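Colleague: Attaching a predicted model along with its sequence, questions to come.
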Amino acid sequence: MSKERATIDQLFQQEFSKMVAVISRQFGLEHIETAEDIVGDTFLTAAENWAEKGIPENPAAWLYVVAKQKTLAMFRRGTTWQEKVLPAVKAGLETEEPETDLDFSAQNIQDSQLRMIFAICNPAIASESQIGLALRILCGFGIDEIAAAFLSNKETINKRLFRAKEKLRTENIRMELPPEHLLDARLDNVLHIIYLLFNEGYYSRTQDTILQKDLCLEAMRLGLLLTEFPVTAQPRTFALIALMCFHASRFEARTSAADTLVLYDEQDERLWDRELVQQGMHFLGLSATGSTLSSYHLEARIAFLHCRKEDTPEKWLEILAMYNELLIINYSPSAALNRTFALYKAHGAAIALAEAEKLQLTENHFYWMLLGELTRHSDPAKAATHYQQAYDLAKTAAEKEGILRVQRSLHLG
């Protein structure tokens, strides 16, 4: 890959969402597809120009200038200029040609991106479509990458994005922060989408490790963007960022050189990113204000405890207590499953097995792996059956190989 191509690819991921946000804020979300086209065309122009003349001294500024020119040309030709701008001039509302220059200052870019986050995470749009739209508009992911993340095809993703953009138009969703009385509820939705986006990478079924990591990093970037504004720099925002930092710190240790899943107990903690752990502790400290305890606070605390490798009863009793609270305020099958594992580590297999069998999560391969772990000493034959059911349900080659490795280590395979 040429230096110019590598620079353009990097800038696309960094600048695409910024430029689309600024253009859409200026002309309205009904023109979001036009904004995407303008930015895409800007990068095509850059590829042609830089291949011939070399990379300019300030490539981002070069892109902004070209995007301004293309935006002005596009909207002069379109109906927006004819229907909105010229009538204002004729009515005497403007003495000169109206201001159409795009403001690519750092402050306006940041503010436009925040407004775009709230627009895309509007509850009028289906949650799955919000994630897809966030990947496209907020993170600059291509259709191929989004399809890979969802283990889907381009046609399905295009249809999903089209429906989401239609909702932006038909629901007249504006690029603005919600009124104060709605802000808390809307921020909850924004945080939830960022949480789902992170999980899409961290618990991804795709084999593309780079894509998995990019999804996680983009979710963290969006979370950090929220901390730049007083109205969104809330304790639960800090707690979510802490949670993502703690999980991301173990990213490299979760897969082996052969790209197989490495279970927590087998992870080499030397591969854990201690700088991210420290960052997580910083944000966990910031989250400890106010009187509200969110699910992100509890999950962040659990994730922090998992960043301490020592396997003590005290550690697992604390994790179990956190899961007990989490299930009260935000029940989910995965949390119930994780709580049962903590129960096992704190009080033994017999007590945990009785709880696990009540869950009946028979379509979840982690459920069968847990049952295998809980029965491997008391009934090895039954454990072998459980691990086989886990293997049959596992979605990826890495997961299947990880299960086989456990079976072989226990002489069950």
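Modeller: The structure has been received and is ready for your questions. Keep in mind that what you see is a predicted model, and the values were worked out from it rather than measured.
Colleague: contacts for whichever strand or helix holds V65?
Modeller: Secondary structure assigned from DSSP states H and E places V65 in helix 59-77. Helix 59-77 has contacts (Cβ atoms under 8 Å, 6 or more residues apart in numbering) with 7, 11, 14-15, 19, 23, 26-27, 34-35, 37-39, 41-43, 45-46, 50, 56, 81, 100-102, 104. All C-beta spots, glycine's among them, are computed from the backbone N, C-alpha and C.
Colleague: one more time with 7 Å
Modeller: Helix 59-77 is contacted by residues 7, 11, 15, 19, 23, 27, 34, 38-39, 41-42, 45-46, 56, 81, 100-102, 104 when judged by Cβ atoms under 7 Å, 6 or more residues apart in numbering.
Colleague: Would you mind putting the CA coordinates of it into PDB?
Modeller: This file holds the C-alpha atoms of helix 59-77, laid out as PDB (Å, rounded to 0.1, in the frame of the first residue of the first chain):
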ATOM      1  CA  PRO A  59      -4.000  17.000   5.000                       C
ATOM      2  CA  ALA A  60      -7.000  17.400   7.300                       C
ATOM      3  CA  ALA A  61      -7.200  21.200   6.500                       C
ATOM      4  CA  TRP A  62      -6.900  20.400   2.800                       C
ATOM      5  CA  LEU A  63      -9.900  18.000   3.100                       C
ATOM      6  CA  TYR A  64     -12.000  20.600   4.900                       C
ATOM      7  CA  VAL A  65     -11.300  23.200   2.200                       C
ATOM      8  CA  VAL A  66     -12.300  20.800  -0.600                       C
ATOM      9  CA  ALA A  67     -15.300  19.700   1.300                       C
ATOM     10  CA  LYS A  68     -16.500  23.300   1.700                       C
ATOM     11  CA  GLN A  69     -16.100  23.900  -2.100                       C
ATOM     12  CA  LYS A  70     -18.000  20.700  -3.000                       C
ATOM     13  CA  THR A  71     -20.700  21.400  -0.400                       C
ATOM     14  CA  LEU A  72     -21.300  24.900  -1.800                       C
ATOM     15  CA  ALA A  73     -21.400  23.600  -5.300                       C
ATOM     16  CA  MET A  74     -23.800  20.800  -4.500                       C
ATOM     17  CA  PHE A  75     -26.300  22.900  -2.600                       C
ATOM     18  CA  ARG A  76     -26.200  25.700  -5.100                       C
ATOM     19  CA  ARG A  77     -27.300  23.200  -7.700                       C
END
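Colleague: So, low pLDDT: which residues of the stretch 151-300 of the chain?
Modeller: Along the stretch 151-300 of the chain, segments meeting pLDDT under 70 span 207, 258-260.
Colleague: roughly how far is the helix holding V65 from the heart of the chain?
Modeller: Chain-centre distance of helix 59-77: 29 Å, with Cα atoms, centre = their mean, to the nearest Å.
Colleague: List the buried residues of it.
Modeller: Residues P59, W62, L63, Y64, V66, A67, K68, K70, T71, M74, F75 are the ones in helix 59-77 that count as buried (16 or more other Cβ atoms under 10 Å).
Colleague: could those be laid out in TSV, adding distance to C307 and pLDDT?
Modeller: Shown next, in TSV, are the buried residues of helix 59-77 (distance: Cβ to Cβ, whole Å; pLDDT from 0 to 100):
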residue	distance to C307	pLDDT
P59	38	94
W62	42	96
L63	39	96
Y64	40	95
V66	45	95
A67	42	94
K68	46	93
K70	47	92
T71	46	90
M74	49	81
F75	50	75
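Colleague: List only buried entries from the contacts of helix 59-77.
Modeller: So, by 16+ other Cβ under 10 Å, the buried ones in the contacts of helix 59-77 are 7, 11, 15, 19, 23, 27, 34, 38-39, 42, 45-46, 81, 102, 104.
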